[in-house]
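*Asks:* coords below, sequence missing:
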């Protein structure tokens, strides 16, 4: 390698041009060398060592940019003495300036934005570039960004039974209580909210004593769509999901309501239990004629002048979109000298009310909701079908069918069918049995919680 040592290179002609190298060449300064006279182009050289509160107060240099991490505390920055064209820049390294701010202190009588006072940077993700203009305005900000541009980052989590669906999505299924443990919260470019389906336990049914009971209400059904997700959801799906942070989220899966026992007085049926994930709570399905996520169907009406018609109310407590529907009315008929024929009302389902009893049949359970949140279409929270019965010499009528989504069928002079486990289906009603025997009520189906998010 050859070496030339001179003090000055000048063009041959006055005001001529001196060219260093040829097109495509790189002109490099020796290690430790510096340049002057070429000027800056409105940019800074970034200091790669991250500055923290342990470096405060930090005195910065012209032409430099600094990454400031205020996770552990505030940082005070002493600006250099201003000269026309001097430049410094700062970036919120850990997105914490909104919690622990950065204070910029001008040098001597210098100003920032025309004011000889400190300036505070307290916006999360902020980046600022300051150029010194003159003694009137001092440092002026030429670039204040809070867009905080990042590459796509995705949620990472454990808990429940984990499957991969639709190529880029993880599904966590909880059929019993557990914890959704988030280790990485992601961002909006990738995923930082989750889609969810929270189904409560279905309602149980009373024993047939002596008439026929209505079906149990389906467990409350709630569903929401997370960021950057797309699948065929139910009509009840909310347009937003649940935001997550790197922590554990307890998951409660509600049990189905108990059925009333027979024979004898015994205890009555119970409402299903609530299911819970984060801010989302779904109410248990109503027992026979009881309120809940969906309402339970009404029993046989004994006759004129006796108890008024009864049925349970759905979407109790109210949420939007609604988590379920009302139960239906029962019916009894008899003619002169003829025995009673008993028909209960259907339990409400997530997307439809239960069917009222008619002279020819007990009421069917209301339809549940169908969603493909777990990668294939499945139905949940169907209402229980109502029972049918008669006194010994009466004519038989059909019992009500269970609603799609796990609703149990009503019994025709028999015990009802339990709601399907992990669907939130309401129980089928119990009929007044042969020779006046009293039939057991049935239990509602347990609930389920499904959480879904984009992971890549």
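*Replies:* The structure has been received and is ready for your questions. Only a predicted model underlies this, so the values are computations on that prediction, with no experimental measurement involved.
*Asks:* what's around residue 315, how many residues?
*Replies:* The tally of other residues near residue 315 (other Cβ atoms under 10 Å) stands at 21. From N, CA and C alone the C-beta is placed, and that goes for glycine too.
*Asks:* tell me which element it is part of?
*Replies:* Using DSSP states H and E, residue 315 falls within no helix or strand.
*Asks:* Give me the residues contacting stretch 234-248.
*Replies:* 155, 157, 179-186, 192-196, 221-227, 229, 277-280, 321-323, 350-351, 369-371 (Cβ atoms under 8 Å, 6 or more residues apart in numbering).
*Asks:* Between the two ends of it, how far is it?
*Replies:* 27 Å (Cα to Cα, to the nearest Å).
*Asks:* what comes up buried for that stretch?
*Replies:* 234, 236, 237, 238, 241, 242, 244 (16 or more other Cβ atoms under 10 Å).
*Asks:* try stretch 168-177
*Replies:* Within stretch 168-177, the residues that qualify as buried are 169, 170, 171, 172, 173, 174, counting by 16+ other Cβ under 10 Å.
*Asks:* Could I get the contacting residues of the residue nearest to residue 108 when sequence neighbours are not counted?
*Replies:* The spatial neighbour of residue 108 that comes closest, neighbours along the chain excluded (Cβ to Cβ, 6 or more residues apart in numbering), is residue 81 at 6.8 Å. By Cβ under 8 Å, 6+ apart, residue 81 lies in contact with 107, 108, 110.
*Asks:* ok, and the closest non-adjacent residue to the first one?
*Replies:* Read that as residue 107. Distances taken as Cβ to Cβ, 6+ apart put residue 81 closest to residue 107, at 4.5 Å, once the chain neighbours are dropped.
*Asks:* separation between the one you found and residue 119?
*Replies:* Distance, residue 81 to residue 119, using Cβ to Cβ, to the nearest Å: 16 Å.
*Asks:* ok, of the contacts of stretch 234-248, which come out buried?
*Replies:* By 16+ other Cβ under 10 Å, the contacts of stretch 234-248 give 155, 157, 180, 182, 184-186, 192-196, 221-227, 229, 277-278, 280, 322-323, 350-351, 369-371 as buried.
*Asks:* Just these: which are in helices?
*Replies:* Assignment to helices by DSSP state H places none of the buried ones among the contacts of stretch 234-248 there.
*Asks:* about what we covered before: just flag the most distant two among the buried residues of stretch 168-177.
*Replies:* Farthest pair in the buried residues of stretch 168-177 (Cβ to Cβ) is 169 and 174. Separation: 16.5 Å.
*Asks:* rewinding a little: may I see the buried residues of stretch 168-177 organised as TSV, with secondary structure, distance to residue 86 and pLDDT added?
*Replies:* What follows is those, written out as TSV (DSSP: H, G, I helix; E, B strand; the rest coil; distance: Cβ to Cβ, whole Å; pLDDT from 0 to 100):
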residue	secondary structure	distance to residue 86	pLDDT
169	strand	51	97
170	strand	51	98
171	strand	55	98
172	strand	54	98
173	strand	60	98
174	strand	59	98
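*Asks:* Spit out the contact partners of residue 118.
*Replies:* Per Cβ under 8 Å, 6+ apart, neighbours of residue 118: 103, 104, 105, 106, 112.
*Asks:* nope, residue 414 is what I was after
*Replies:* 387, 399, 430, 431, 433, 439.
*Asks:* Need those in TSV (columns: secondary structure and neighbour count).
*Replies:* Putting these into TSV (DSSP: H, G, I helix; E, B strand; the rest coil; neighbours: other Cβ atoms under 10 Å) gives the following:
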residue	secondary structure	neighbour count
387	coil	43
399	coil	31
430	coil	37
431	coil	34
433	coil	22
439	coil	28
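*Asks:* buried stuff in stretch 135-144?
*Replies:* By neighbour count with 16+ other Cβ under 10 Å, stretch 135-144 contains the buried residues 138, 139.
*Asks:* where does that stretch sit relative to the chain's centre, distance-wise?
*Replies:* 43 Å (Cα atoms, centre = their mean, to the nearest Å).
*Asks:* Need the contact partners of it.
*Replies:* Here stretch 135-144 makes contact (Cβ under 8 Å, 6+ apart) with 42, 79, 82, 88-89, 106, 110-114, 116, 126-133.
*Asks:* Please pick the buried ones from the residues you listed.
*Replies:* By neighbour count, with 16+ other Cβ under 10 Å, the contacts of stretch 135-144 hold 79, 82, 88-89, 106, 110-112, 126-133 as buried.
*Asks:* Go ahead and confirm residue 97 touches residue 128.
*Replies:* No. Using Cβ atoms under 8 Å as the test, residue 97 is too far from residue 128 to be in contact (10.0 Å).
*Asks:* and for the two, which residues touch both?
*Replies:* Shared contacts of residue 97 and residue 128 (Cβ under 8 Å, 6+ apart): residue 121.
*Asks:* Taking the centroid of the protein, which residue is nearest it?
*Replies:* Compute the mean C-alpha point of the chain, and by Cα atoms, centre = their mean the closest residue is residue 242, 2.1 Å away.
*Asks:* Please name the nearest non-neighbouring residue to it.
*Replies:* Excluding its sequence neighbours, the residue lying closest to residue 242 (Cβ to Cβ, 6+ apart) is residue 278, at 4.8 Å.
*Asks:* tell me the contacts of the one you found?
*Replies:* Contacts of residue 278 (Cβ under 8 Å, 6+ apart): 196, 242, 244, 249.
*Asks:* Enumerate the beta-bridge partners assigned to the last one.
*Replies:* In other words, residue 249. residue 180 (DSSP bridges).
*Asks:* closest to residue 53 among the buried ones among the contacts of stretch 135-144?
*Replies:* Closest to residue 53, out of all of the buried ones among the contacts of stretch 135-144 and judged by Cβ to Cβ, is residue 126, at 16.9 Å.
*Asks:* Surely that closest one touches residue 96?
*Replies:* No. The criterion here is Cβ under 8 Å, and residue 126 misses it with residue 96 at 10.6 Å.
*Asks:* looking at this protein, which helix or strand is least sure?
*Replies:* Ranked by mean pLDDT, DSSP states H and E, the weakest helix or strand in the chain is strand 331-333, scoring a mean of 75.
*Asks:* any weak-confidence spans in the stretch 51-200 of the chain?
*Replies:* Counting by pLDDT under 70, the stretch 51-200 of the chain contains low-confidence residues at 147-151.
*Asks:* again, only using 90
*Replies:* The stretch 51-200 of the chain contains residues with pLDDT under 90 at 98, 114-117, 120, 122-125, 141-153, 186-190.
*Asks:* circling back to that earlier point, redo the contacts of residue 81 as a markdown table? Include secondary structure and distance to residue 423.
*Replies:* Below are the contacts of residue 81 laid out as a markdown table (DSSP: H, G, I helix; E, B strand; the rest coil; distance: Cβ to Cβ, whole Å):
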| residue | secondary structure | distance to residue 423 |
| --- | --- | --- |
| 107 | coil | 70 |
| 108 | coil | 74 |
| 110 | coil | 70 |
